[in-house]
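sequence plus predicted model, see below.
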Amino acid sequence: MPFSLLAPPPPPPPPPRISQTTSSSSSNRLFSQKRLLRTIVRASENDDDKPAFNPFGFVTDNPSSRSAIQLPESPAEDGNVGQMLSRTEDKGKEYGRTIKSGGFRWFVRETGSPKSRRGTIVFLHGAPTQSYSYRVVMSQMSDSGFHCLAPDWIGFGFSDKPQAGYGFDYTEKEFHDVFDKLLDTLEVTSPFFLVVQGFLVGSYGLTWALKNQSRISKLAILNIPLTTSSPLPGLFQQLRIPLFGEFTCQNAVMAERFIEAGSAYVLKLEKADVYRLPYLSSSGPGFALLEAAKKANFKGINGRVSAGFASGSWDKPILVVWGISDKYLPQSVAEEFKTTNPGVIKLTMIEGAGHMPQEDWPEKVVEALRVFF
């Protein structure tokens, strides 16, 4: 209808009334779309040839990892993060207790007695794992007369995870300093036996040994970077990339994926639960790992380790127990390391074991340690 520019426009027509039939039809369509989406989501779980659907893209095809984070039909179903925490919160603390040392709470596993006739063994884990990996080895070694201690490094496992800049910055020196204080708190007398394994904080165990040779009786080394040619896994490279590192460190299944990727075996669900638990419980472990990885000079550490344990620099007995199926560190790393000090270093290969032989085949590790210690 024409109107003049000088006259106000006519009021808009009233909105059309929606009949009950139209409303019901819209509701039915919405319900159908939701049901279709739910069907698509759940379809992959019924397909044995494809990995289960995961909206976060974090899990592997391994059954243990696959069930870590899923999109359940209802929030109470298995796979919900809250349900997983409830299921696992009391797991993985075998032989452990929390103690205070150097202003921090440490989770320390202990088997045997300080008065054990064959002496004390201190086990140090690597990143991004925890002392849980030594539980079987510790149990069997204490049965052989040893006193065994295995702490979770600060920032890892069930130990404190302080925010960087508030009393702990995750540098190599700080890790060494708090470890010294922990040994004093635990009243570990020198010399003692030391066992180390793994990347980053595992390597800090070796650099601590180089500074404290007089405190060590014998040194056992499980799969760990030992030469300047030792490759660095993708996880630690990713953690050093700005922004991408922040995303990577909050991967809730990071630890179990790292373990499985370095081994020929798949973790059983009950084991995967324990390695996963710290990263599910809070963001602290992820950011602790991020800070430690950013501040580590991996090439420099490997160079100091290679030179520090060479002939003329180190004279204490060393046993290298190596999982041949390690997908991160080839067998050649261990063989090259042995040539640097052949009179001191002994090499034992474990077929079938991967990057964490203490987890893959603890009985073989125990057999080698019993003879050596």
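Nice, I can see it.

return the helix or strand in the chain with minimum mean pLDDT.
None of the helices or strands of the chain scores lower by mean pLDDT, DSSP states H and E than helix 63-66, at a mean of 42.

separation between residue 267 and residue 326?
16 Å (C-beta to C-beta, to the nearest Å). Using the backbone N, CA and C atoms, a C-beta is placed for each residue, glycine as well.

ok, residue 177 next?
Distance, residue 177 to residue 326, using C-beta to C-beta: 30 Å.

more neighbours, these two?
Remark: of residue 177 and residue 326, residue 326 carries more neighbours, 24 against 14, as counted by other C-beta atoms under 10 Å.

touching, residue 340 and residue 306? I think so.
Yes - counting by C-beta atoms under 8 Å, residue 340 touches residue 306, with 6.5 Å between them.

let me see the mean pLDDT of stretch 309-324.
The pLDDT scores in stretch 309-324 average 97.

span of it from start to end?
Length of stretch 309-324, first residue to last, C-alpha to C-alpha, to the nearest Å: 22 Å.

in that stretch, what counts as buried?
309, 314, 317-324 (16 or more other C-beta atoms under 10 Å).

what would the residues you listed look like in JSON lines with distance to residue 153 and secondary structure?
Converted to JSON lines, the buried residues of stretch 309-324 look like this (distance: C-beta to C-beta, whole Å; DSSP: H, G, I helix; E, B strand; the rest coil):
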{"residue": "309", "distance to residue 153": "21", "secondary structure": "coil"}
{"residue": "314", "distance to residue 153": "23", "secondary structure": "coil"}
{"residue": "317", "distance to residue 153": "25", "secondary structure": "coil"}
{"residue": "318", "distance to residue 153": "22", "secondary structure": "strand"}
{"residue": "319", "distance to residue 153": "22", "secondary structure": "strand"}
{"residue": "320", "distance to residue 153": "22", "secondary structure": "strand"}
{"residue": "321", "distance to residue 153": "21", "secondary structure": "strand"}
{"residue": "322", "distance to residue 153": "22", "secondary structure": "strand"}
{"residue": "323", "distance to residue 153": "21", "secondary structure": "strand"}
{"residue": "324", "distance to residue 153": "27", "secondary structure": "coil"}
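
state the pair within those residues that is farthest apart.
Farthest pair in those (C-beta to C-beta) is 314 and 324. Separation: 24.7 Å.

now, which of the buried residues of stretch 309-324 sits nearest residue 254?
Among the buried residues of stretch 309-324, and counting by C-beta to C-beta, the member closest to residue 254 is residue 323, at 20.4 Å.

from residue 230, how far out is the closest one?
For residue 323, the distance to residue 230 - C-beta to C-beta - is 15 Å.
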